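In: The sequence and its predicted three-dimensional model are supplied below.
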Amino acid sequence: MADHLDAPGLTSPAMDTRVDITDHYAFQKPGDPGRTVLISNVNPLAPTHADEFRSDAVYETLVDTDADAMPNIAFRYRFTPKSGGKQFAKVTRAELNGQVEDGHLHGHEKPLVAGAPVSFGSNAIVSNGVGRTGVKFFAGFRSDPFFFDLLGFLNGLQFTGSDFFADKNVFGIALELPNALLGENPNIGVWVRTLVPMTMQPHHLTQADQMGRPAINTVFNHGPDKNLFNVTQPAAQRNAATAEGPTFLEEFTSELEALGGYSAGDALAIAEILLPDVLTFDYSSAAGFLNGRRLQDDVIDIELSLVTNGKITGDGVGPHTDYLSTFPYLGNPHV
């Protein structure tokens, strides 16, 4: 999977699907090179386990503008409690000066969107930003855009071309914005995370889940390392210790040697590309993955070929056909 249910035992981080990130995307708006679309999806198999966004959580898209794996800009999404079948969102932007810590939201926040209704039905309710921000925003119930033969993956990479996600739903957050809000340098790094109140310390937030490139935590980490990886900041991921002692970089290198038969040197070189786990994106380019990620990009085929050294070139599954041609691009939910 991309990042669905990426805690141990195919469970959700923080044991809460509302803050379980499934995928995120960053791509140039089709037909408009001056604008970018950022999408973050949560809540796998929605609405089976939850039919709302978590109101005491903070959902974030983080942007690194100087290639040090530390965020310089944060887009933050917060939601009111669901009441009478309705929920509302606000969006802010903060400049962080490279600071991000569990439990601390740095930077002065400026409003981008206020009072945006969440879409719980089939129709996508799109809200405009405040003032002259030039942004569009959507949050709500959507078709899961991810495509993958999950059962084949769980069966030792014996793929049959069956798309487990063809009829599944998620809760999506989509932001369309002028490139100027991403900084002057078009070469950025993007990742997403969710923060929740700590047990017995409700005023202190802690990171529950994060995602950069698709399937990294799913493929390379096992057991308690999945939770450790979810709370380790990208800049620290190479040298952070796993539960068994070796660093994540060492574990990734070993996995690549085992999966692809790579030499130790080649495996290390690839592991150093995969870590830090940040989605690299040139917003001046319309190219897809590994440049950002579009909904239709077959990221699984690309990554399978990489990690197996070309032994497995795909899972036999292709893009969905229900993507919208306009914002928010996520397809209507399966109901």
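Out: Looks like it arrived, so ask away.
In: ok, so what distance separates residue 302 from residue 132?
Out: From residue 302 over to residue 132 the distance is 39 Å, taken as Cβ to Cβ, to the nearest Å. Yep, even glycine has a C-beta here, placed from its N, CA and C like the rest.
In: So for these two, which residue has more residues nearby?
Out: For residue 302 and residue 132, the more surrounded residue by other Cβ atoms under 10 Å is residue 302, and the numbers stand at 16 against 6.
In: That one should be in a helix, yeah?
Out: Yes. Counting by DSSP: H, G, I helix; E, B strand; the rest coil, residue 302 is part of a helix.
In: for the residue of the chain most remote from its centre, what are its contacts?
Out: Farthest-out residue of the chain from its mean C-alpha position, per Cα atoms, centre = their mean: residue 263, at 30.4 Å. Contacts for residue 263 (Cβ atoms under 8 Å, 6 or more residues apart in numbering) come out as residue 257.
In: how about a cut-off of 10 Å?
Out: For residue 263, the residues meeting the contact criterion (Cβ atoms under 10 Å, 6 or more residues apart in numbering) are 256-257, 269.
In: Kindly export the helix or strand where residue 151 lies (C-alpha atoms) in CSV.
Out: Residue 151 is part of helix 150-154, with elements assigned from DSSP states H and E. Listed in CSV are the C-alpha atoms of helix 150-154, where the atom choice follows Å, rounded to 0.1, in the frame of the first residue of the first chain:
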residue,chain,number,x,y,z
LEU,A,150,-2.6,-5.4,-2.3
LEU,A,151,-3.4,-9.1,-2.0
GLY,A,152,-0.6,-10.0,-4.4
PHE,A,153,1.8,-7.9,-2.3
LEU,A,154,0.7,-9.7,0.9
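In: Is residue 230 in contact with residue 191, as I believe?
Out: No. With contacts counted by Cβ atoms under 10 Å, residue 230 stays clear of residue 191, the gap being 11.5 Å.
In: of those two, who's got more company?
Out: Between residue 230 and residue 191, counted using other Cβ under 10 Å, residue 191 has the larger neighbour count: 25 against 22.
In: quick one: that one is in a strand?
Out: Yes. With three-state DSSP as the criterion, residue 191 is part of a strand.
In: Okay, the residue nearest to it when sequence neighbours are not counted and residue 276: tell me how far apart.
Out: The spatial neighbour of residue 191 that comes closest, neighbours along the chain excluded (Cβ to Cβ, 6 or more residues apart in numbering), is residue 212 at 4.2 Å. Applying Cβ to Cβ, the value for residue 212 to residue 276 is 7 Å.
In: Quick check: neighbours shared by the two?
Out: 69, 189, 191, 234, 237.
In: and of those residues, the nearest to residue 61?
Out: Distances from the shared contacts of residue 212 and residue 276 to residue 61 were compared by Cβ to Cβ; the smallest belongs to residue 191, at 7.8 Å.
In: Quick check: the closest one touching residue 277?
Out: Yes. Using Cβ under 10 Å, residue 191 makes contact with residue 277 at a distance of 7.0 Å.
In: Need the residues touching each of those two.
Out: When contacts are counted by Cβ under 10 Å, 6+ apart, residue 191 and residue 277 have 69, 210-213, 234 as shared neighbours.
In: C-alpha coordinates for the helix or strand residue 27 falls within, PDB please?
Out: Assigned by DSSP H and E, residue 27 falls within strand 21-28. Presented in PDB, the C-alpha positions along strand 21-28 are these (Å, rounded to 0.1, in the frame of the first residue of the first chain):
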ATOM      1  CA  ILE A  21      -2.500   9.100   6.000                       C
ATOM      2  CA  THR A  22      -3.100   7.000   2.900                       C
ATOM      3  CA  ASP A  23      -1.400   9.100   0.100                       C
ATOM      4  CA  HIS A  24      -0.300  12.500  -0.800                       C
ATOM      5  CA  TYR A  25       0.200  14.200  -4.200                       C
ATOM      6  CA  ALA A  26       1.900  17.300  -5.500                       C
ATOM      7  CA  PHE A  27       1.600  18.300  -9.200                       C
ATOM      8  CA  GLN A  28       1.400  21.300 -11.500                       C
END
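In: Noted, bye for now.
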